[in-house]
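Here is my input, please return the structure:
(one chain, ligands or ions: 1)
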Amino acid sequence: MDGFIREFLRELNFGQGVALSFSSINDQYLALARTVRHYLMARWLGTLRRQFETQAKGVAYLSAEYLLGRQLGNALLATGLTDIVEEGLAKCGIDLATLRAQEVEPGLGNGGLGRLAACFIDSLATMSVPCVGYGIRYEYGIFRQTFEDGRQVEQPDNWLALGSPWEFPHPEAAQIVNFAGHTETYEEDGTVRSRWIPGWSVQAIPYNYMVPGYQNGRVNTLRLWSAVATNAFDLRIFNSGDYAEAVRAQTFAENISKVLYPEDSTPQGKELRLQQQYFFVSASIHDFIDNVLPADFDLTHLPDRVIFQLNDTHPVIGVPELMRVLVDEKDFDWDDAWEITKKCFAYTCHTLLPEALEVWSVDLLGRLLPRHLEIIYRINDEFLDEVRERFGDDELRIRRMSIIAEHPERSVRMAYLATVAGSKVNGVAELHSQLLRDKVLPDFDEFYPGKFINVTNGVTPRRFIRLANPALSELITDALGVGWLTDLERLRELEPYAEDEEFKERFRAVKAHNKRRLSRVLVDRDGTSVDDDHLLDVMVKRLHEYKRQTLKLLHIVTLYDRITSGEVKPADIVPRTFIFGAKAAPGYRMAKEIIHLINAVGSVVNADPAVEGRLKVLFPPNYNVTLAEKVIPAADLSEQISLAGKEASGTGNMKFALNGALTIGTDDGANIEIRELVGDDNFFLFGLLEPEVEALYAKGYVPSSFYESDEGLHRAIDMIARGTFSGGDRGVFDGLVSNLLYDDRFMALADYRAYIDAQDEVDKAYLDEDRWTRSAILNVARTGFFSSDRSMRNYIDRIWHTPPSF
Ligand SMILES: [N-]=[N+]=N[C@]1([C@H](N)O)O[C@H](CO)[C@@H](O)[C@H](O)[C@H]1O
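From the prediction side, this is the model:
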């Protein structure tokens, strides 16, 4: 410990340049972060050296998003230094928790996809698998959400403002990334070749982040790129007095990595977004070839050294980029280059929403990346030749399968390009992968037998059990001993404890403790609190109509109506606190309307003495990884109520079950696999199944018919319509009400009755405390499958073939 204190004070004095007695919390946090990273440095350098010596095949994970969460706690856990640091700091009169709370989390992602990437690289490091995560170092991450009069207002997320001690910039390893310009063909030894004459370029500066394995001596690397101008400052123009023009190039370049696009599942076809995608993918591919591979490496063997995993379609421009590098820069002939490329990529699809599958117009692509468009055209021509060979001149099939869509505008279907080029295509939950094969890409599943597989998502137990829920972790370790954190299926051994009175007592005490802890956090944060005798009913995820926060709202309004109409005595209602957490994409008007209504319903319910102590609605703003770590361990009920066939997987659902919450949910995404593992008795299932949804769409869905035929639903919608939650002003939520009655694309009204009935079952179950506790323990015991370590084992065995290398 003395060693730690010495290091820390040295870092404070010589790193921060302050004496302990004059140091700010931020000084102390930065000094601590840098001290802790010292303890990881040897492991990092050791990992890099061993990787270079062994030349083992590794994963290059290409993702436009990484939702990392705070780093300090995870670094302390990985090094096993938490207790020493806590005591050492206490000796200096410093509280570790205060410094941990000082860290601003890097919000470099929108939701599930970004967090999944973070869980995956954590697991690969803990499993000693060589991996470099590649992405973008956005200067501004996902916006900070505030509420004004119940409406979402976005604030810029200036996460770097107070310093960023976990990153290591390496300007000397910058890559040049080109854009625009034109191509020209030329003849060489009888072969017509094409070359790209770019119009402009930027520099990509790498910032390295440690990805520490859990107590295994290994530290992998996350390399995030930041854009700067190739010539940042034009002195000649400056001396001519046009100061803004003098730095225009720099401003222009910086824009590329300035800010994360805040859309989740609805991509923005903006040019800057494509610039961002090409920027990090081109820099990453060149970096891997120039800096990870030995200088004289023969790229014919590239597939033996790396698999580029495409995290959704965002990095798919990497396919024509590798072809360009091999053909134009390394003089490979086309066919050889294509054979290499096809073995080097694999693609994970994360969605089922047609509007979420990215397409880029050939106009934009031709302007920004003219050589890449040429390459895509040739890939498509050769692919369609193969299709014709197999199926003859079936024009409809050719048009359906062409990477180039002709309507509504000639554009490149990135999911098709990824499927043609990828060695494997996977969905992220069983149902999702099946629907990908049957509904989204059936022609490709038929054309490429065996290419489509499933790898169900997972979450890292280091962050979402050990760090987020130390009380539960202690209880599990008391029962099972150590080792379960890296072998989560061992949670099965907890099953017998569901019948153990003392364990059940301690399990309930853990949940109550986490509720009190959450309440303290919310009191500090927003001045609100949680009653720990309330059933905590939690819905935290991005705001999207397919996730159906409106259905949750209709339940709350129904309960409120039951009490205020006198239909039910307040004492007969199981006291519930509803917690929402959700950001809406700034341009998603209906999502913002729903946020407004949640806050409106909350302010009326929370102020109404008739329901005081029975119903409470909380909507802490700015839901993020840090808040998730406090909310999820405190929850009793996990809301996973998307319309069947819409949520590819979900990962929050897994985190809740692993922390002892029971799920109320539809048979959608990974809910199905959770229900199958925990058992129907320990899951509140409701709602239309995916085939029933399709049948209702086909038959013609008339949402108002459900309103007409269900009195409870009728009353709930009428309460909203007549202004009960908007001071009697009927107009405020008119748009939302009309959308529900006459559009309701995601069938909230169709599933209303089944949902309300299931919620009444929840009330009955919760009143039987012993039954609820047993179910909660069985949820923990039976969901070890959802560790991201298991997901990684599946990727390694079925796609990557990158065994751990020690
Ligand atoms: N983009 N995207 N897709 C999602 C999430 N919104 O980020 O990816 C997540 C990670 O695969 C999924 O769990 C989730 O269902 C899916 O909607």
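
The residue in the stretch 101-250 of the chain positioned nearest to the ligand - how many residues pack around it?
Of all residues in the stretch 101-250 of the chain, residue 112 sits closest to the ligand, with a separation of 3.0 Å (Cβ to the nearest ligand atom). In short, each C-beta sits where N, CA and C put it, glycine included. Around residue 112 there are 26 other residues, counting by other Cβ atoms under 10 Å.

surely it meets residue 651?
Yes - taking contact to mean Cβ atoms under 8 Å, the distance of 5.0 Å between residue 112 and residue 651 places them in contact.

Show me the common contact partners of these two, please.
Listed as contacting both residue 112 and residue 651 by Cβ atoms under 8 Å, 6 or more residues apart in numbering are residue 457.

that older thread, give the contact list for the residue of the stretch 101-250 of the chain closest to the ligand.
Contacts were defined as Cβ under 8 Å, 6+ apart; by that measure residue 112 touches 264, 350, 457, 541, 542, 649, 650, 651, 652.

can I assume the third one sits in a strand?
Right, the one you point to is residue 457. No - Residue 457 sits outside any strand when classified using DSSP: H, G, I helix; E, B strand; the rest coil, being coil.

interface residues of the protein facing the ligand?
Taking Cβ under 6 Å from any ligand atom as the criterion, the neighbours of the ligand within the chain are 111-113, 116, 264-265, 312, 350-351, 428, 457, 647-651, 669.

pull the CA atoms of the lowest-mean-pLDDT helix or strand in the chain into CSV?
Using mean pLDDT, DSSP states H and E, the weakest-scoring helix or strand in the chain turns out to be helix 243-246, at a mean of 77. What follows is helix 243-246 as a C-alpha-only set of coordinates in CSV (Å, rounded to 0.1, in the frame of the first residue of the first chain):
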residue,chain,number,x,y,z
TYR,A,243,-7.8,34.2,-40.0
ALA,A,244,-10.9,32.0,-40.4
GLU,A,245,-9.8,30.9,-43.9
ALA,A,246,-6.3,30.1,-42.4
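
buried sites along it?
Counting neighbours by 16 or more other Cβ atoms under 10 Å, one finds that the buried residues in helix 243-246 are residue 246.

In whichever helix or strand comes after that helix, which residues are buried?
With elements assigned by DSSP states H and E, the helix or strand that comes after helix 243-246 is helix 248-254. For helix 248-254, a neighbour-count test (16+ other Cβ under 10 Å) marks 249, 250, 253, 254 as buried.

In this structure, which strand is the longest?
Taking residue count as the measure and DSSP state E as the definition, the longest strand of the chain comes out as strand 200-212.

For residue 382, the count of nearby residues, please.
Applying other Cβ under 10 Å, we find 13 other residues in the vicinity of residue 382.

and it, that's in a helix?
Yes - residue state for residue 382 (three-state DSSP) corresponds to a helix.

just checking, what packs against the top helix by length along the chain?
Looking across the chain with DSSP state H, the single longest helix is helix 25-54. Other helices and strands packing on helix 25-54, by 3 or more Cβ pairs under 8 Å, 6 or more residues apart in numbering; DSSP states H and E, are helix 2-10, helix 72-79, helix 82-91, helix 96-102, strand 200-212, strand 219-229.

ok, now with 6 Å
helix 2-10, helix 72-79, helix 96-102, strand 200-212, strand 219-229 (3 or more Cβ pairs under 6 Å, 6 or more residues apart in numbering; DSSP states H and E).

mind checking which of these is nearest residue 674?
If you check each of those against residue 674 by Cβ to Cβ, helix 72-79 wins as the nearest, at 25.1 Å.

of all of the stretch 401-550 of the chain, which residue lies closest to the ligand?
Closest to the ligand within the stretch 401-550 of the chain is residue 428: 4.1 Å, counting by Cβ to the nearest ligand atom.

Who are the contact partners of the spatially closest residue to residue 684 that is not a sequence neighbour?
The shortest distance from residue 684 to any non-neighbouring residue, by Cβ to Cβ, 6 or more residues apart in numbering, is to residue 664 (4.0 Å). Going by Cβ atoms under 6 Å, 6 or more residues apart in numbering, residue 664 touches 637, 684, 758.

Can you flag which of the residues you listed belong to helices?
residue 758.

Let me have the contacts of residue 664 in CSV, extended by pLDDT.
As requested, the contacts of residue 664 are exported to CSV (pLDDT from 0 to 100):
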residue, pLDDT
637, 98
684, 98
758, 98
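
Fine by me, we can end here.
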